[in-house]
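Q: got a predicted structure here, sequence first:
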Amino acid sequence: MDGFRVVRRQTPPGWVSFAVLPAALLIALVFCSLLLMIQDKSPVKAAVVLFQGGFGSLYALQDTMLKAIPIFLCSLGVSVAFRMKVWNIGAEGQFALGGVGATWAVLTFSGLPMPLMLCLMLLCAAVAGGLWGLIPGYLRLKFGLNEIISTLMLNYIGIEFMRYLVYGPWKDPGSMGFPMTGLFPEEAVFPEVLGYVHAGLLVCVVAAVAVYVFLQRTRLGFELCVSGENPRAARYARIPYGFLLMFVLALSGALAGMAGCVEVSATFNRLQPNLCTGYGYTAIVVAWLSRLRTPSIALFSVFVAGLLVGTDNLQVDMQVPAAFGGILEGFILLCVLAGQFFHSYTLVRMGRRQGGAA
Amino acid sequence: MTWDIFVALLAATVLAGTPLLYATMGELITERSGVLNLGVEGMMIMGAFFAFIVEYKTGNPWLATLAAGLGAACIGFLHGVVCLVFQGNQTVSGLALTIFGVGLSDYLGAPFIGQKTVGFQSFDIPLLSDIPVLGPVFFQHDPLVYLSFVLPWVVMWFFRRTSLGLALCAAGEAPEAVRAAGLNPVRMRWLGICAGAFFVGVGGAYLSLCATHLWTHNLTAGKGWIAVALVIFAFWRPRRALLGAYLFGGIMALQLRMQALGTAIPSSLMMMLPYALTILALLVSSARGKGRSAPAALGENIAPGA
């Protein structure tokens, strides 16, 4: 950086937030075009197919909404943890456990009326996911175990546990050997509320409002944000850090668990081994793209979900491997992270002589 | 008879532990320079892919290994750009790198799934391989395994006996002190990231060239993450990383053997084993004390223009 000097900004300018994302998208677009050209595919056509698949029609938008629902719930969960600088990477496992919890409710209590049944499923899923989230919290509090590692390992364990149930005790005898539970009864399936978008949308709205109010309007929510900004100050202010840590992970897990419940109930109508498709990791990307703000999380969930649906469309139309979605997500996030540099720093041109001295 | 099985199991332990050893050593170098790179999984699988594709095109496993290292270093370079140049959050950048790397390897590798490679052939070291027990366990493998034996000692020598290594470790402990000494800590971190990523890539190369002789989907299956955990288990010390890698190699070998024998335990529960034991191993070694903690400046960026 010859001739330029990096200077810390006093206040972050407003334009950065608006400029960084388009710039990041542009760079990602160029990179992905190159990738497509490696495999002899037209980038222009791909961009059209991707956009049409994700956002181009009412059907596309509804598909996007369906994918956005679990991503939003998981992302809301991890964002609460990230606010406290608790690195919950475990949404994927908590999501799986949520699916298990909801399925348990369906298998155990049958014949309840629909609203009661759905609430019970959500509750069981939230408890299962929340408990799964509590494990790393307890391990960190008691033994100082790094939560990045423990939540990640619990992802693998949780998913295997779910597979164990589906391949073993919960396998439907009538499924002709396929590893899956029986189809859920009608009262255990989320009804459609908007087009064919299901009632999981309502769960999202309730959860979003609850989390927003909790973070902005309650003492505990405030303490949580303070603990994230400055743990030492939090300790001096006698904020119960340990309790908050456990609470945050449980809340985070509960939200991911509810996403699992929605997915099992509305998308698959049963528990099956391919329940987890990486929403838990996508959620982390979404949380950081939206800089942990609840309203932005909603926007970015839809945006990223649209990209994923569009990628599915690419796979069908142009035989682009499904992994393309991961590349997009990862690369956009890398670019945005780099771009956020301009929130706190600026480049100042300096005189030749000054440059020589420095 | 049981003795033979036991020896075979130990040999399999060394084989399964080798990719972990390379990856752990790579991440250890990076973390000692003060950079947390959670992209190990992504870099490792990209290493595996580069190794596969170069071997597939040229048939030269050494060239493939080199390509794997350099390719992974290029992926690691992105982490450097985000964290060292643009001051991005290291944890998030690493995660993004993993998502990116796993996606990219899947995308580029999709046309080649199921394609076989020749890779390295095992070659017995004369004399040493005739020693009972030790011979078959340590000295009847492929060249990458032999190289991995000396790696921890080389890394330790580098950290302790070379000025570059000392400066690199200092950049992880007290970057401002490095600057005061007239060196550039950011440069040390670049070295840490790229050199670390190189070894992570070689670990990936081991998977596609020696372990499976095959390119498939999800070749690493969480081994990169286990390597991240092993660095903590090793207290950031090279020789302990050797212990950790073989411990986990042993668990994986045992798991495969038991699955092959067809035990009554459901395979899903067996698959959990390495991950559950990772947590357990960290718990056992979690007692913190002198020389057991992370580099002091790990995960903290060096502000520019200081």
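A: In hand now; what should we look at? Residues are numbered from 1 along each chain as shown, chains lettered A, B, ... in the order given.
Q: quick check: what element follows the helix or strand bottoming out on mean pLDDT in chain B along the chain?
A: Across the helices and strands of chain B, mean confidence by mean pLDDT, DSSP states H and E is lowest for helix B:134-138: a mean of 76. Using DSSP states H and E, the next helix or strand after helix B:134-138 towards the C-terminus is helix B:143-161.
Q: check which helices and strands that next one is in contact with.
A: Contact here means 3 or more CB pairs under 8 Å, 6 or more residues apart in numbering or on different chains; DSSP states H and E; on that basis helix B:143-161 packs against helix B:2-32, helix B:163-173, helix B:185-206, helix B:238-261. All C-beta atoms are positioned from the backbone trio N, CA, C, and that covers glycine.
Q: if we can go back for a sec, list the contacts of the least confident helix or strand of chain B.
A: Residues outside helix B:134-138 that contact it (CB atoms under 8 Å, 6 or more residues apart in numbering or on different chains): B:Val7, B:Ala8, B:Leu10, B:Ala11, B:Thr13, B:Val14, B:Asp124, B:Leu128, B:Ser129, B:Phe149.
Q: let's go with 10 Å and repeat that
A: Contact partners of helix B:134-138, identified using CB atoms under 10 Å, 6 or more residues apart in numbering or on different chains, comprise B:4, B:6-14, B:124-125, B:127-131, B:145-146, B:149.
Q: then stretch B:253-273?
A: By CB under 10 Å, 6+ apart, stretch B:253-273 touches A:153, A:156-169, A:179, A:273, B:5, B:8-17, B:221, B:246, B:251-252, B:274, B:276-277.
Q: around the residue of the stretch 101-250 of chain A found nearest chain B, how many other residues sit close by?
A: Chain B sits closest to A:Tyr164 of the stretch 101-250 of chain A, with a gap of 3.6 Å, by CB to the nearest CB. A:Tyr164: 21 surrounding residues under other CB atoms under 10 Å in any protein chain shown.
Q: likewise A:Tyr345?
A: Neighbourhood size, A:Tyr345 [other CB under 10 Å]: 18.
Q: how about the secondary structure of the nearest residue to it once chain neighbours are set aside?
A: Excluding the flanking residues, the one nearest A:Tyr345 by CB to CB, 6 or more residues apart in numbering or on different chains is A:Val6, at 5.3 Å. With DSSP: H, G, I helix; E, B strand; the rest coil as the basis, A:Val6 sits in strand.
Q: what does the stretch 51-200 of chain A have sitting close to chain B?
A: Counting by CB under 10 Å from any CB of the partner chain, the stretch 51-200 of chain A comes close to chain B at A:82, A:85, A:87, A:89, A:93, A:135-136, A:139, A:142-146, A:148-150, A:152-169, A:179.
Q: show me just the buried residues among these.
A: A:82, A:87, A:89, A:93, A:135-136, A:139, A:145-146, A:148-150, A:152-166, A:179 (16 or more other CB atoms under 10 Å in any protein chain shown).
Q: pull stretch B:115-128 out as PDB, backbone CA atoms only.
A: Output of stretch B:115-128 as PDB, limited to C-alpha atoms (Å, rounded to 0.1, in the frame of the first residue of the first chain):
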ATOM      1  CA  GLN B 115     -12.000 -42.000  -9.900                       C
ATOM      2  CA  LYS B 116      -9.100 -44.000  -8.600                       C
ATOM      3  CA  THR B 117      -5.500 -42.800  -8.100                       C
ATOM      4  CA  VAL B 118      -2.300 -44.800  -8.000                       C
ATOM      5  CA  GLY B 119      -0.800 -42.500  -5.400                       C
ATOM      6  CA  PHE B 120       2.100 -43.600  -3.200                       C
ATOM      7  CA  GLN B 121       3.000 -47.200  -2.800                       C
ATOM      8  CA  SER B 122       4.300 -48.500   0.500                       C
ATOM      9  CA  PHE B 123       7.900 -49.300   0.600                       C
ATOM     10  CA  ASP B 124       9.700 -51.100   3.400                       C
ATOM     11  CA  ILE B 125      12.700 -49.500   4.900                       C
ATOM     12  CA  PRO B 126      15.500 -52.100   4.700                       C
ATOM     13  CA  LEU B 127      16.700 -53.600   8.000                       C
ATOM     14  CA  LEU B 128      14.300 -51.500  10.100                       C
END
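Q: buried residues in it?
A: So, applying 16+ other CB under 10 Å, buried residues of stretch B:115-128: B:Thr117, B:Gly119, B:Phe120.
Q: same question for stretch B:292-306.
A: Residues of stretch B:292-306 classed as buried by neighbour count (16+ other CB under 10 Å): B:Ala294, B:Pro295, B:Ala297, B:Leu298, B:Gly299, B:Asn301, B:Ile302, B:Pro304.
Q: of all these, which comes closest to A:Asn230?
A: Taking CB to CB as the measure, A:Asn230 lies nearest B:Gly299 of those, at 16.2 Å.
Q: list the contacts of A:Gln272.
A: Counted by CB under 10 Å, 6+ apart, A:Gln272 has contacts A:Gly99, A:Thr103, A:Met162, A:Arg163, A:Val166, A:Asp172, A:Ser175, A:Phe178, A:Pro179, A:Met180, A:Thr181, A:Val264.
Q: SS state for the fifth one?
A: Yep, that's A:Val166 we're talking about. A:Val166 - assigned by three-state DSSP - is helix.
Q: spatially nearest residue to it (excluding sequence neighbours)?
A: Per CB to CB, 6+ apart, closest to A:Val166 is A:Pro179, 4.8 Å.
Q: so how far is A:Asn274 from that neighbour?
A: According to CB to CB, to the nearest Å, A:Pro179 and A:Asn274 sit 10 Å apart.
Q: what is in contact with the two at once?
A: With CB under 10 Å, 6+ apart as the test, A:Pro179 and A:Asn274 both reach A:Arg163, A:Val166.
Q: give me the below-cutoff pLDDT ranges for the chain.
A: Just so you know, I chose chain A. A:1-3, A:350-358 (pLDDT under 70).
Q: hm, I was asking about chain B
A: Checking chain B against pLDDT under 70 turns up B:1, B:286-291, B:305-306.
Q: one more time with 80
A: Across chain B, the ranges flagged by pLDDT under 80 are B:1-2, B:118-141, B:211, B:213, B:258-268, B:284-293, B:303-306.
Q: in space, not sequence, find me the middle residue of it.
A: Closest to where the C-alpha atoms of chain B average out (CA atoms, centre = their mean) is B:Ala23, at 0.4 Å.
Q: so who does it touch?
A: Residues near B:Ala23 by CB under 10 Å, 6+ apart: B:40-41, B:43-44, B:47, B:72, B:196, B:199-204, B:206-207, B:220, B:223-228, B:230-231, B:241, B:245.
Q: for B:Val54, same thing?
A: B:60-68, B:70-71, B:117, B:205, B:209.
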